[in-house]
Every structure is written in structure tokens, then in C-alpha cells.
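*Asks:* Next comes the sequence, and after it the predicted model I'd like to discuss.
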Amino acid sequence: MASLFSVTLDCLLEKDLNEKVRKLSALQQAWTEDQLSLQPTDTIIRIPDPGRPDKPALVPPRQLPKRRLGTRAGHGALMHAIAHIEFNAVNLALDAVYRFQDMPRDYYFEWLGVACEEAYHFQIVREHLNSLGYEYGDFPAHNGLWLTTYETDHDPLVRMAMVPRTLEARGLDVTPGMIHKLRAIGDKRGVEILKILLRDEIGHVAVGTRWFRYLCAQRGLNPFETFQRIVDEYFHGNLAGPFNYEARREAGFSEEEIAWLKQIEAETLNP
Ligand SMILES: [Fe+2]
């Protein structure tokens, strides 16, 4: 019987877009039909560069094109940035499965589910990008999501705190504003897509929260203090609002964490 971890690694390293989607759905099918074991791999490799197509070119964030939505190129650049996030999100979820090989079965079930939803997101965003006359790879992109994934590959606790609960949670904060902008330029399909993304991302952040709390309990750690400590140590930017409290509550942020974010938001508004 093939091991879930080696099949997942193969999918994670796949560079071709269509082939990756195909491998992922085969993986999901094999998993749901109980054809994969939880046999650990001999080694767990570090992955500085996961499987992705040669394009988009990766550049520092400040070299990204400005997204003036009033122009077709600006509209395309925004959809491209979202496509890039969704593509990366597939790799993030696969890496969470492959790398941490001594978690309960439900952990793999949930992260494989996330990988499949992210692949679906990528496809609907890519189709919409195509309808605007562009393809994934036509604009440059940045590699921040993967860099943090790579930096947190030593510990699932740190990974859950940083990737779903910090970086992906940021998506919950900024998506309503993007929906507003797309509505303003009459992009009905874009609005529809972002609403799907927002709804599903709440679930993905919730998966991160669930396993973050599980690992805290296992190690006898206070989840609130641990989350603060990890964000402090690993987050490169400044945590800044405004935050989407409603979505974050739904994604499992505690009232203590919400109060902390409110304090940060107040400090950013009145430094
Ligand atoms: Fe997504």
C-alpha cells in the first residue's frame, strides 16, 4: 500500500499546473477509498522551492505592479494576485500533510480537504483571469507565503500559528474590501468568486485553529500566550488592522485573541 506522505510529496513537487490538479484529485480519491497508509517516509526533506510552473516570475513585493482596478491590466493584476495565493495555498496544505507525520488521522483528512478546496479556488480564479484575457504567469508575483511555510517547517505548532492563523487569516480581513472594489467596477463574477473564497477560508483558518489548540493542549501550553509569542518571533511584518472580527471569531479566534487584535488595531489608528 502506498504511503499518504510519499504520494503527497509527489503532488507537492509537481510543477505542471494541470498535472498537479490531476495528481491531487487522484490522491484525494485514493485517500477516501482507504488505499493509503500512514507509513512514515524514511526522511522528511526540506523544500525551499515547491512544485510550481516557471512563470510567474517571483519578485520582491515592492516590485509588484500597482493594481488600479479601473484598467483592464489592473483588474487582471488583482485577479492574478488572488490566483497566485490560491495556487500557493494548495502547496501550503500539501506541505502540512507531508511534513508532520505523527498527527492524528483527522489532521490529514482536514488538510487534504483544504488542499482540494484551494485547487478548486485556483481553478475558478484562473478561469476568471482567462476571461479578462490573461493567464496565470502573465504578471510577476511574490513568494512570501512559501517563505513563511519554509521557515516554519520544524514544528506543526509554529506552522499552524503562522500560516493559517496569521497569513491566511489576513485574507479574511482584506477580502470584504476587495469584494467592494469589484462590485464598484461591475465585476459580478469576481464578487461571486471572492464570496466563495471568503466562506471557505474561514473554514481553513478554523482547521489551523483546531490543530493549533490540539498541539497546545498536548504540550500543556497556554494557547493565547503561545500564539502571541510565535507571531512575535516569526512574523516579518507588523500585525496591523483593520481586522475582520466576525470572520475571525467564526474561524475560532478566542475572545482573548480578539481583544488583543482590537488593541493592536487601536494602536495602529492612533499611534
Ligand atoms: Fe483559498
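*Replies:* That came through fine.
*Asks:* I'd assumed Pro60 was in contact with Ala141.
*Replies:* No - using CB atoms under 8 Å, Ala141 is not in contact with Pro60, being 10.9 Å away. C-beta: built from backbone N, CA, C; applies to glycine.
*Asks:* These two - which one has more neighbours?
*Replies:* Each of Ala141 and Pro60 has its neighbours counted (other CB atoms under 10 Å); Ala141 has more, 24 against 10.
*Asks:* Now the more buried one, what are its backbone angles?
*Replies:* Note on Ala141: backbone dihedrals following degrees, to the nearest 10 are phi -150, psi 170.
*Asks:* Of all residues in the protein, which one is closest to the ion?
*Replies:* His121 (3.9 Å; CB to the ion).
*Asks:* what sits against that residue?
*Replies:* Residues near His121 by CB atoms under 8 Å, 6 or more residues apart in numbering: 86, 89, 196-197, 200.
*Asks:* tell me the mean pLDDT over whichever helix in the chain runs longest?
*Replies:* Assignment by DSSP state H gives helix 188-219 as the longest helix of the chain. Across helix 188-219, the average pLDDT comes to 98.
*Asks:* just stretch 72-83 next, same as before
*Replies:* Mean predicted confidence for stretch 72-83 is 94.
*Asks:* so does it get close to the ion?
*Replies:* No - if you take CB under 5 Å from the ion as the test, stretch 72-83 misses the ion, and the best it gets is 8.7 Å.
*Asks:* Show me which residues of the stretch 51-200 of the chain sit near the ion.
*Replies:* 86, 89, 118, 121.
*Asks:* Recalculate using a threshold of 6 Å.
*Replies:* Proximity of the stretch 51-200 of the chain to the ion is confined to 86, 89, 118, 121, 197, 200 under the rule CB under 6 Å from the ion.
*Asks:* Next up, the contacts around the first one.
*Replies:* The reference is to Glu86. 118, 121-122, 125, 197.
*Asks:* Secondary structure of it: a helix, I assume?
*Replies:* Yes - assessed by DSSP: H, G, I helix; E, B strand; the rest coil, Glu86 belongs to a helix.
*Asks:* so how far is Gln123 from it?
*Replies:* Relative to Gln123, Glu86 is positioned 9 Å away (criterion: CB to CB, to the nearest Å).
*Asks:* do the same with the second one
*Replies:* Spatial separation of Ala89 from Gln123 under the definition CB to CB is 12 Å.
*Asks:* same check, this time on the fifth one
*Replies:* If you measure Leu197 against Gln123 using CB to CB, the figure is 12 Å.
*Asks:* my read: Asn91 touches Glu14, true?
*Replies:* No - under the criterion of CB under 8 Å, Asn91 is not in contact with Glu14, lying 9.8 Å apart.
*Asks:* rewinding a little: for ChimeraX, write the select line for the buried members of the contacts of Glu86.
*Replies:* Burial among the contacts of Glu86 is assessed by 16 or more other CB atoms under 10 Å; the matching ChimeraX selection reads:
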select :118,121,122,125,197
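*Asks:* May I see the contacts of Glu86 arranged in a markdown table, with distance to Tyr134 as well?
*Replies:* Shown next, in a markdown table, are these (distance: CB to CB, whole Å):
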| residue | distance to Tyr134 |
| --- | --- |
| Glu118 | 20 |
| His121 | 17 |
| Phe122 | 14 |
| Val125 | 11 |
| Leu197 | 18 |
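*Asks:* and of the contacts of Glu86, the nearest to Glu256?
*Replies:* Among those, Leu197 lies closest to Glu256 (CB to CB), at 27.7 Å.
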